[in-house]
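In: Curious how this folds, go ahead:
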Amino acid sequence: MSDRFDIDSQAVKELAELLNETGLTEIEYEVDAGRIRVVKHAAPAVQAAPAPAVVSAPAAPVVADKPQDHAGAVKSPMVGTVYLAASPGAASFVKPGDTVAKGDTLLIIEAMKVMNPIRAPQAGRVVAVSVNDAEPVEFGTVLAIIE
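Out: Predicted coordinates:
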């Protein structure tokens, strides 16, 4: 038995397309057989990193017992630090009760000094924001729930 797994070129292409559609710079996909990580290197851009907030707002209550199973769960595509606003002191991109269109920015995840906007995968109403400002998140962490 080999330690390698067959690379699914279609999956790699779909992940690369997802990077382009979402504006992300990195995405990782893991299954029992192995893990695929696609990274898009772009020319360095000058972006001011938001400073971590001194006081974090409490997370909104989670809608379901298992938010990761909710059909409208927006999960983190990467490991990084969440920022709910464009800069310290600015209004949050979204809050519970807001209506969003597909593609609206929900929050930002900073990963390796790159600010990655996390966009709404569907139109709807934000039921919950499940993370705090300046909170570290893991791949797959539920960030928000949209119904």
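In: which SSE is N20 in?
Out: Assigned by DSSP states H and E, N20 belongs to helix 9-22.
In: so what does that helix touch, helix or strand wise?
Out: Other helices and strands packing on helix 9-22, by 3 or more Cβ pairs under 8 Å, 6 or more residues apart in numbering; DSSP states H and E, are strand 26-31, strand 34-39, strand 114-119. Every residue, glycine included, has its C-beta placed from N, CA and C.
In: how far is it from where the chain is centred?
Out: Distance, stretch centre to chain centre, for helix 9-22: 16 Å (Cα atoms, centre = their mean, to the nearest Å).
In: Now that A73 has come up, it's in contact with I145, right?
Out: Yes - contact criterion Cβ atoms under 8 Å: A73 and I145 qualify, at 5.5 Å.
In: what pLDDT does the most centrally placed residue in the chain get?
Out: Ranked by distance to the mean C-alpha position of the chain (Cα atoms, centre = their mean), the top residue is S76 at 3.5 Å. pLDDT for S76: 94.
In: Great, nothing more from me.
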